[in-house]
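Asker: below: sequence and its predicted model.
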Amino acid sequence: MTLIFAPMATLSHEAFRHLIYRFGGCSEYYTEMIHASSLNTNGRFERYYLLNGPEPHKIVWQLTDSAEKPIVEAVSRVQDLGGIGVDLNMGCSAPAIYKLGAGIAWMLKERKETQSLVRSVRKQMDSSNGGCKRLSVKMRLGEENFTMEDLCSFADMLIGEGVNRLVLHPRTKRQNYGRPAQWKYVEQLASYISATHGTSVSVIGNGDISDCKSLEEKMKTAPSADGFMIGRSAVQKPWLFAELENNHSFTVDLYELFCFFSDKLDEFQPPEFRETRMRRFLAYYCNNVSFSHHLRTRLLKSFDISCQKEVFLSYFESQKSEQYIHIEKKSDNSPL
């Protein structure tokens, strides 16, 4: 089964990938969205976005920008680092991104402009000696009034210009995570692509996978999908990929895992990034305990690591049963 870690700003970096790898890894790791123009200027922090451990051969470099030229230039740089391929972000719907002409704006621009971008990126990838050759696009459904006809037409254009994989997050531009992802559209797109392009192009679904039950539901709704991408729930539970693939029982120590992540942040991220990345991590990770808001609030009062460790230990002293999470081996008749 193809299970992929999603690109998430301030989270899909090497420090966090080590948490997933500790439990056996996953099929692929998409990097956090890399702003091409910033990368090309060789800023003091850009090298941290290019770290590709702990499994460099499983990396997919996700790029975005508002213009074609900087993206093409950035492609040539990341290709030299190896990995599986390059992903063009055409799905980020954060206002700060699409109002600048990046992210989902590429789905909404004049078709010929987006077509030119994909064609130029494909040409650059084919002309390079770099190892990563797969070109993918991560996208949403589009505007609120989208139609499957328009979405399939857009997909046809992408594939015609050399895209090998489509990743669909089945929400519209305005829909946030409060509304469920509409996986019926993943199935409709995957079925269409299979019928018109065969097996040369894969379709991945993304959204609302948090445990074995939800994955089973998505597999039943979208049986034609070639794989499944997971983001937020994998940050809350870095062992989630192991849980979904699990062939053995294991135990997670939430305190020890937090300490491990803190050490990896120091190892693979600059001090200037520590607070924002720890804050984002804790926003999800604390949901593993009953009094998550209380714990999170206490942790965010200080970013001194010794203080945060004391807060965790104090919490688990009062809630002893919550420090350890036991994952049982799947039964032999599990559909996964």
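Answerer: Nice, I can see it. Everything quoted here is computed from the prediction, not taken from an experiment. Residues are numbered from 1 along each chain as shown.
Asker: so where's this protein uncertain?
Answerer: Counting by pLDDT under 70, the low-confidence segments of the chain come to 331-336.
Asker: recalculate using a threshold of 80.
Answerer: Within the chain, the stretches falling below the threshold (pLDDT under 80) are 130-131, 178, 246-247, 330-336.
Asker: remind me, longest helix of it?
Answerer: Assignment by DSSP state H gives helix 111-127 as the longest helix of the chain.
Asker: using CSV, write down the CA coordinates of it.
Answerer: Included here for helix 111-127 are C-alpha records, laid out as CSV according to Å, rounded to 0.1, in the frame of the first residue of the first chain:
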residue,chain,number,x,y,z
ARG,A,111,-5.0,27.7,-18.9
LYS,A,112,-2.2,28.6,-21.3
GLU,A,113,-0.1,30.1,-18.4
THR,A,114,-0.3,27.0,-16.3
GLN,A,115,0.3,24.8,-19.3
SER,A,116,3.5,26.8,-20.1
LEU,A,117,4.7,26.3,-16.5
VAL,A,118,4.2,22.5,-16.6
ARG,A,119,5.8,22.2,-20.0
SER,A,120,8.8,24.2,-19.0
VAL,A,121,9.3,22.2,-15.8
ARG,A,122,9.0,18.9,-17.6
LYS,A,123,11.5,20.1,-20.2
GLN,A,124,13.9,21.1,-17.4
MET,A,125,13.5,17.7,-15.7
ASP,A,126,14.1,15.7,-18.9
SER,A,127,17.2,17.7,-19.8
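Asker: mind listing what's buried along it?
Answerer: 114-115, 117-118, 120-122, 124-125 (16 or more other CB atoms under 10 Å). Glycine gets a C-beta too; all of them are placed from N, C-alpha and C.
Asker: flag every buried residue along whichever helix or strand E187 is part of.
Answerer: Following DSSP states H and E, the helix or strand that holds E187 is helix 184-197. Neighbour counts using 16+ other CB under 10 Å place 185-190, 192-194, 197 of helix 184-197 among the buried residues.
Asker: just to revisit the earlier point, and which of the buried residues of helix 111-127 is nearest to D150?
Answerer: T114 (13.0 Å; CB to CB).
Asker: in space, what's closest to the closest one - neighbours in sequence excluded?
Answerer: Setting aside the residues directly before and after it, T114 is nearest to W106 in space (CB to CB, 6 or more residues apart in numbering), at 5.1 Å.
Asker: on that earlier part again, wait, which of the buried residues of helix 111-127 is closest to F228?
Answerer: V118 (24.2 Å).
Asker: which one of the buried residues of helix 184-197 is nearest to I20?
Answerer: Proximity to I20 was ranked across the buried residues of helix 184-197 by CB to CB; first place goes to V186, at 23.0 Å.
Asker: what's the distance between the closest one and V203?
Answerer: Using CB to CB, to the nearest Å, we find V186 at a distance of 7 Å from V203.
Asker: just the strands in the stretch 1-150 of the chain please.
Answerer: Assignment of strands within the stretch 1-150 of the chain using DSSP state E, counting those that start in this stretch yields the ranges 3-5, 28-30, 34-35, 59-64, 85-90, 134-139.
Asker: out of the buried residues of helix 111-127, which is nearest to R22?
Answerer: Using CB to CB, M125 is the member of these that lies nearest R22, at 31.9 Å.
Asker: contacts only, for the closest one.
Answerer: Taking CB atoms under 8 Å, 6 or more residues apart in numbering as the definition of contact, the neighbours of M125 are 75, 79, 86, 132-133, 135, 162.
Asker: turn those residues into TSV, columns for neighbour count.
Answerer: TSV is the format used below for the contacts of M125 (neighbours: other CB atoms under 10 Å):
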residue	neighbour count
V75	24
Q79	21
V86	25
C132	21
K133	16
L135	22
G162	15
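Asker: any idea how the chain splits into domains?
Answerer: Each structural domain of the chain that the record assigns through automatic domain parsing is listed here as a residue range: 3-237, 251-325.
Asker: got a list of what the nearest residue in space to S128 that is not next to it in sequence touches?
Answerer: Using CB to CB, 6+ apart and skipping residues adjacent in sequence, the residue nearest S128 is Q79, 4.8 Å away. Neighbour list for Q79: 86, 124-125, 128, 130-132 [criterion: CB under 8 Å, 6+ apart].
Asker: from V72, how far out is Q79?
Answerer: Going from Q79 to V72 by CB to CB gives 11 Å.
Asker: pull up the overlap in contacts between those two.
Answerer: When contacts are counted by CB under 8 Å, 6+ apart, the set common to Q79 and V72 consists of Q124.
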